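Peer 1: generate coordinates for the sequence data below:
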Amino acid sequence: MSTVAVIAMKEVQEALRNRWVLAATLLMAGLALALTFLGSAPTGTVGVRALDVVVVSLSSLTIFLVPLIALLISHDAIVGEMERGTMLLLLSYPVARWQVVLGKFTGHLAVLAFATLLGYGAAAFALLATGARIEAASWTAFAAMVGSSVALGAVFIALGYLVSATSGSRGAAAGVCIGIWLGMVLVYDMALLGILVVDQGRTITSASLDVLLLLNPTDVYRLVNLSGFANVSAFSGMSGLAGSTRLGAPVLVAALVAWTVLPLSLAALSFGRREL
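Peer 2: You can find the predicted model right below:
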């Protein structure tokens with residue numbers, strides 16, 4: 001077994017001991033089930049397919065919940081072990097620092113992916129148990145939502161690692177991660193909306209808007225799920241935005257990959273130069 005895989009397994013085992021997997025899975029499953037049964041109740045009268053409503057509801061939930069969980073499990077991955085003195089023990093073995101970062105990242109991503117798949121999958125199976133008719137297009141949108149949710153989690157785990165590798169203490173890392181969550185999930189979109197309202201299309205062109213959307217991974221996630229499928233965007237409130245942007249699925253997927261690779265690479269580089 002490779003060094004990266006061994007470190008990843010160690011992180012998964014620690015998450016199991018700390019009940020992170022159980023807590024994240026139960027939280028996602030509970031909220032997903034609540035949104036499924038409450039959100040899909042009116043679909044029979046308005047002609048909307050039940051799973052499409054679930055995709056919209058869970059996409060909105062993911063934007064707030066998944067980044068927060070990702071930052072919580074990753075903010076002290078490096079600085080926390082340095083404070084506890086376990087990082088020196090780990091590096092006493094023949095292991096490179098980039099392998100430590102990649103192994104820990106893989107383990108934490110596996111934890112988040114398991115919680116997401118199980119939690120959101122429970123909502124889909126519960127909807128099936130009610131006898132709701134689900135078409136292939138809805139399953140495709142649901143699968144894309146689950147996959148992109150894991151990808152969004154990977155982005156914020158990587159950002160958490162970058163913060164952890166450059167912070168002097170766990171408390172400082174936690175504070176910066178809270179700021180990142182508030183800035184990307186809440187503040188950025190409100191500021192962008194305010195700018196667009198004030199500008200009234202005079203300065204910000206369609207190309208400029210595309211760039212501004214790519215600068216925030218949560219907006220990339222929104223575009224992938226709420227405007228990438230006709231059956232979902234029709235009632236998600238994003239159809240207008242989908243028509244004004246030229247960002248296709250390959251560009252959006254590439255943006256999520258870049259948002260993961262760049263912070264993770266910077267974290268490995270920073271950790272490699274850091275004095276223990």
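
Peer 1: ok, now which ones touch residue 31?
Peer 2: Applying CB atoms under 8 Å, 6 or more residues apart in numbering to residue 31 gives the contacts 61, 65, 119. To be clear about C-beta, it is placed using only N, CA and C from the backbone, and glycine gets the same treatment.

Peer 1: apply 6 Å and report the result again.
Peer 2: By CB atoms under 6 Å, 6 or more residues apart in numbering, residue 31 lies in contact with residue 61.

Peer 1: okay, the one helix or strand it maps to in CSV with CA atoms only?
Peer 2: Per DSSP states H and E: residue 31 is located in helix 20-39. Output in CSV follows, covering the C-alpha atoms of helix 20-39 (Å, rounded to 0.1, in the frame of the first residue of the first chain):
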residue,chain,number,x,y,z
TRP,A,20,-17.0,12.8,12.4
VAL,A,21,-18.4,10.4,9.8
LEU,A,22,-21.5,9.6,11.9
ALA,A,23,-22.2,13.2,12.8
ALA,A,24,-21.8,14.5,9.2
THR,A,25,-23.8,11.6,7.7
LEU,A,26,-26.7,12.0,10.2
LEU,A,27,-26.7,15.8,9.8
MET,A,28,-26.9,15.5,6.0
ALA,A,29,-29.4,12.7,6.0
GLY,A,30,-31.7,14.4,8.5
LEU,A,31,-31.7,17.8,6.6
ALA,A,32,-32.0,16.1,3.3
LEU,A,33,-35.0,14.0,4.4
ALA,A,34,-36.6,17.0,5.8
LEU,A,35,-36.2,19.0,2.6
THR,A,36,-37.3,16.0,0.5
PHE,A,37,-40.7,15.5,2.3
LEU,A,38,-41.4,19.2,2.9
GLY,A,39,-40.2,20.5,-0.4
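
Peer 1: next one: that helix to chain centre, how far?
Peer 2: 16 Å (CA atoms, centre = their mean, to the nearest Å).

Peer 1: only the buried residues of that helix, if you could.
Peer 2: Neighbour counts over helix 20-39 (16 or more other CB atoms under 10 Å) mark 20-21, 24-25, 28-29, 31-33, 35-36, 39 as buried.

Peer 1: equivalent analysis for stretch 114-133, please.
Peer 2: 114-120, 122-124, 126-127, 132.

Peer 1: next, count neighbours for residue 270.
Peer 2: 17 (other CB atoms under 10 Å).

Peer 1: work out for me the element it sits within.
Peer 2: Residue-wise, residue 270 maps onto helix 249-273 under DSSP H and E.

Peer 1: hmm, who's touching that helix?
Peer 2: With CB under 6 Å, 6+ apart as the criterion, helix 249-273 contacts 78, 97-98, 101, 151, 154-155, 158-159, 161-162, 165-166, 214, 217, 220, 223-224, 228.

Peer 1: where does residue 115 land in three-state SS?
Peer 2: helix (DSSP: H, G, I helix; E, B strand; the rest coil).

Peer 1: look up the closest residue to it, ignoring the ones flanking it.
Peer 2: Distance criterion CB to CB, 6 or more residues apart in numbering; nearest residue to residue 115, sequence neighbours excluded, is residue 24 at 3.8 Å.

Peer 1: where's that neighbour relative to residue 135, distance?
Peer 2: Distance from residue 24 to residue 135, counting by CB to CB, to the nearest Å: 30 Å.
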